[in-house]
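[1] Below is the sequence, then the predicted model.
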Amino acid sequence: MESTYALDTNHDLHIVNGQIARVSASDAILQTVKTRLLLIYQEWFLDLAKGLPWFTQMLGHRFDLYKIRSYVARQILSTNGVDELLALTLQIEGGAERKLVIAFEYRDVYGATIRATI
């Protein structure tokens with residue numbers, strides 16, 4: 001996988017010394033996985049087929065955690081550079097702002113085992 005522009009924790013371009021930072025190898029793959037999981041279906045005007053159908057098919061008043069897990073697993077596994085999905089956990093956090101927390105672990109083409117949570 002080639003290098004790509006680095007994103008910060010707000011998913012904006014990461015600037016270092018006035019230059020756009022870059023990531024490569026395992027870091028680039030992880031950034032791509034996170035970006036693909038956060039992209040909403042039909043959000044990107046250059047390719048409306050990209051993204052997950054979070055609001056149309058996955059979340060809502062009658063959501064199915066197994067269905068969501070299936071979508072998320074497929075999205076991770078279909079990312080270039082991901083060889084194997086080792087673990088995937090979905091957890092609903094309650095309160096005034098309900099939130100879905102996704103924890104995953106995969107092995108990439110470089111042999112690295114990567115863990116992340118979004």
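    It's in.
[2] Below-threshold pLDDT in this protein: ranges please.
    The chain contains residues with pLDDT under 70 at 1.
[3] Now do the helices in it.
    Under the criterion DSSP state H, the chain contains helices at 25-38, 65-77.
[4] which one of these lies closest to residue 100?
    helix 65-77 (7.4 Å; Cβ to Cβ). For glycine as for every other residue, the C-beta is placed from the backbone atoms N, C-alpha and C.
[5] which residues touch that closest one?
    33, 36-37, 52-53, 57-59, 82, 85, 88, 90, 92, 100, 102, 104, 106 (Cβ atoms under 8 Å, 6 or more residues apart in numbering).
[6] One more: stretch 86-99?
    Contacts of stretch 86-99 (Cβ under 8 Å, 6+ apart): 65, 68-69, 72-73, 76, 100-107, 113, 115.
[7] same thing but at 7 Å, please
    Residues from elsewhere that reach stretch 86-99 (Cβ atoms under 7 Å, 6 or more residues apart in numbering): 65, 68-69, 72-73, 100-107, 113.
[8] Next, the buried residues of it.
    residue 88 (16 or more other Cβ atoms under 10 Å).
[9] can I get the CA coordinates of that stretch in PDB?
    Extracted in PDB, the C-alpha atoms of stretch 86-99 (Å, rounded to 0.1, in the frame of the first residue of the first chain):
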ATOM      1  CA  LEU A  86      -9.100 -11.500  14.400                       C
ATOM      2  CA  ALA A  87     -11.700  -9.900  16.700                       C
ATOM      3  CA  LEU A  88     -14.700  -7.600  16.500                       C
ATOM      4  CA  THR A  89     -16.800  -6.300  19.300                       C
ATOM      5  CA  LEU A  90     -19.700  -3.900  19.200                       C
ATOM      6  CA  GLN A  91     -21.000  -2.300  22.300                       C
ATOM      7  CA  ILE A  92     -23.900   0.100  22.800                       C
ATOM      8  CA  GLU A  93     -23.200   2.800  25.400                       C
ATOM      9  CA  GLY A  94     -26.300   4.300  26.900                       C
ATOM     10  CA  GLY A  95     -27.200   7.600  28.400                       C
ATOM     11  CA  ALA A  96     -28.500  10.700  26.800                       C
ATOM     12  CA  GLU A  97     -26.300  10.200  23.800                       C
ATOM     13  CA  ARG A  98     -26.400   6.600  22.800                       C
ATOM     14  CA  LYS A  99     -23.200   5.600  21.100                       C
END
